[in-house]
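Trainee: sequence isn't available, so here's the structure alone:
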């Protein structure tokens, strides 16, 4: 009996002590997350999507109409400047040359006749045997015949030029990246110049045309470093530079963008494991003469690839920086000041410190202002899990000082 009474008294004492500790313990403090202000690189990059193309790409067309009678180049053909790549039916143009030659002979005969007549009348006029008005008429007729002769020569020259246009030659060295006609197809050059081929002048030098939003175009300048990736080679990064910021805006769905051109050197195509070696000329190249050189795809970048561009707009190699989380954090204080600020822990409570933000990068931002120093611990958030654990555990200590 005595032992039971003692047990009841001990349990009551323990319960009273626990209730007193709970009543007297301080309120649970939030558990904060901290980051240190340090020095390091801060980069401001402008990102966009662009298209890869050859630095110089020439459309080869025809200035005369007719039926395509011959093609001597095809996709991936390597051509030289002046090389014959196609022929247009020259029957009509050859007839025009013959007509022009006949007209020239006729004009030459008429001019020779009027010239002789004029010389004869000049001799007679010298002997006062021909009236002055008749002599002037002969001179006028001779001048008209001379004009007709010059026109006939020009017509023959034009006909010869048009005949020459029936033979299509490559205007530059390069690789054929597009063939738009077949043998037997009729091309009409009456209103516009139809294209037969597209030749990339030099695939070792490429360009990327990227659409930059108007909000970022003010940060882009010619000469800035740039890098981009393509979906074909996820692990390969290409490097280049901004060569041109075009002033012509493009408006689509009320969004204004500007075309920025990057120049980049093409690199050797990486070989994938197990890839077989390139065989002979492809069977689809119907108009490729036997023995003609063909581009084998030795370079990585191909025209038309989609590029994910990143332009280095600004760089500070050793800036006083703070994580962007610290600039976005707000502990929920109603008296929080406006503008940019970070929060530090003072006497267990958050205190705002105004800052001036310089370059804003993807993870860090350059900051300056009084009271900022390297190593200063700033708040980046509240650890909700640790705070809940501290509230649930009677033995947990209140929120401590920031980590050192």
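Mentor: Received it, and whenever you're ready, just let me know what you need. Keep in mind the model is a prediction, meaning the values are calculated, not measured.
Trainee: can you pull out the strands in the stretch 251-400 of the chain?
Mentor: Assigned by DSSP state E, counting those that start in this stretch, the strands in the stretch 251-400 of the chain fall at 255-265, 306-323, 341-346, 349-354, 356-360, 364-368, 377-382.
Trainee: okay if I get those strands as a markdown table plus mean pLDDT and mean neighbour count?
Mentor: In this view, the C-beta of every residue, glycine as well, is placed from N, C-alpha and C. Formatted as a markdown table, the strands of the stretch 251-400 of the chain follow (pLDDT from 0 to 100; neighbours: other C-beta atoms under 10 Å):
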| stretch | mean pLDDT | mean neighbour count |
| --- | --- | --- |
| strand 255-265 | 95 | 18 |
| strand 306-323 | 93 | 18 |
| strand 341-346 | 89 | 19 |
| strand 349-354 | 89 | 16 |
| strand 356-360 | 91 | 15 |
| strand 364-368 | 93 | 20 |
| strand 377-382 | 88 | 19 |
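Trainee: show me what contacts the closest residue in space to residue 315 that isn't next to it in sequence?
Mentor: Counting by C-beta to C-beta, 6 or more residues apart in numbering, residue 315 lies nearest to residue 43, which is 5.2 Å off, once chain neighbours are set aside. By C-beta atoms under 8 Å, 6 or more residues apart in numbering, residue 43 lies in contact with 312, 314-316, 359, 361-362.
Trainee: hang on, the earlier thing: dump the strands of the stretch 251-400 of the chain to JSON lines, plus distance to residue 287.
Mentor: Shown next, in JSON lines, are the strands of the stretch 251-400 of the chain (distance: least, C-beta to C-beta, whole Å):
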{"stretch": "strand 255-265", "distance to residue 287": "32"}
{"stretch": "strand 306-323", "distance to residue 287": "30"}
{"stretch": "strand 341-346", "distance to residue 287": "69"}
{"stretch": "strand 349-354", "distance to residue 287": "72"}
{"stretch": "strand 356-360", "distance to residue 287": "55"}
{"stretch": "strand 364-368", "distance to residue 287": "57"}
{"stretch": "strand 377-382", "distance to residue 287": "66"}
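Trainee: identify whichever of the ones you listed lies nearest to residue 206.
Mentor: Residue 206 lies closest to strand 255-265 among these, at 5.4 Å (C-beta to C-beta).
Trainee: what angle do the closest one and strand 306-323 make?
Mentor: Put simply, strand 255-265 runs at 100 degrees to strand 306-323, going by axes from the mean of the first three to the mean of the last three C-alpha atoms, to 10 degrees.
Trainee: elements contacting strand 255-265?
Mentor: Under the contact definition 3 or more C-beta pairs under 8 Å, 6 or more residues apart in numbering; DSSP states H and E, strand 255-265 sits against strand 38-54, strand 205-213, strand 225-230, strand 233-252, strand 306-323.
Trainee: nearest to residue 86, out of those strands?
Mentor: Minimum separation from residue 86 across the helices and strands packed on strand 255-265 (C-beta to C-beta) falls at strand 38-54, 20.4 Å.
Trainee: possible to save the contacts of residue 43 as CSV with distance to residue 271?
Mentor: Shown next, in CSV, are these (distance: C-beta to C-beta, whole Å):
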residue, distance to residue 271
312, 30
314, 38
315, 35
316, 39
359, 40
361, 36
362, 33
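Trainee: of these, closest to residue 184?
Mentor: Closest approach to residue 184 among those (C-beta to C-beta): residue 312, at 52.7 Å.
Trainee: care to break the chain down by domain?
Mentor: Here the domain parsing of the chain from automatic domain parsing is 47-56+202-268+287-313, 58-88+170-201, 90-165.
Trainee: and residue 182, backbone torsions?
Mentor: Dihedral pair for residue 182: phi -130, psi 160, per degrees, to the nearest 10.
Trainee: skipping adjacent residues, who's closest to it in space?
Mentor: Using C-beta to C-beta, 6+ apart, the nearest residue to residue 182 is residue 68, at 7.0 Å.
Trainee: which strand or helix spans residue 148?
Mentor: Using DSSP states H and E, residue 148 maps to helix 132-165.
Trainee: in that helix, what counts as buried?
Mentor: By 16 or more other C-beta atoms under 10 Å, the buried positions in helix 132-165 come out as 135, 138, 141-142, 145, 148-149, 152, 155-156, 159, 162-163, 165.
Trainee: on that earlier part again, of all the strands of the stretch 251-400 of the chain, which one is nearest residue 294?
Mentor: Residue 294 lies closest, by C-beta to C-beta, to one member of these: strand 255-265, at 22.7 Å.
Trainee: so what are the sheet partners of the closest one and their directions?
Mentor: strand 205-213 (antiparallel), strand 233-252 (antiparallel) (DSSP bridges).
Trainee: tell me which of these is the most buried.
Mentor: Across the strands paired with strand 255-265, the average number of neighbours (mean count of other C-beta atoms under 10 Å) peaks for strand 205-213, which reaches a mean of 21.
Trainee: and the contacts of it?
Mentor: Against strand 205-213 from outside (C-beta under 8 Å, 6+ apart): 46, 48-56, 220, 226, 228, 240, 243, 250, 255-266, 301, 303, 307, 309, 311.
Trainee: next, the angle strand 38-54 makes with that strand.
Mentor: With the same axes, to 10 degrees applied, the angle from strand 205-213 to strand 38-54 works out at 120 degrees.
Trainee: the residue nearest to residue 333 when sequence neighbours are not counted and residue 111, how far apart?
Mentor: In space, and not counting its chain neighbours, residue 333 is closest to residue 350: 6.6 Å by C-beta to C-beta, 6+ apart. Separation of residue 350 from residue 111 (C-beta to C-beta, to the nearest Å): 103 Å.
Trainee: make sure I have this right: residue 171 is in a helix.
Mentor: No: judged by DSSP: H, G, I helix; E, B strand; the rest coil, residue 171 forms no part of a helix; its state is coil.
Trainee: so it sits against residue 201, correct?
Mentor: No: the criterion here is C-beta atoms under 8 Å, and residue 171 misses it with residue 201 at 9.3 Å.
Trainee: overlap in contacts of those two?
Mentor: By C-beta under 8 Å, 6+ apart, the residues touching both residue 171 and residue 201 are residue 58.
Trainee: picking up where we left off before, using CSV, lay out the helices and strands packed on strand 255-265 together with distance to residue 103.
Mentor: Below are these laid out as CSV (distance: least, C-beta to C-beta, whole Å):
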stretch, distance to residue 103
strand 38-54, 45
strand 205-213, 49
strand 225-230, 59
strand 233-252, 48
strand 306-323, 57
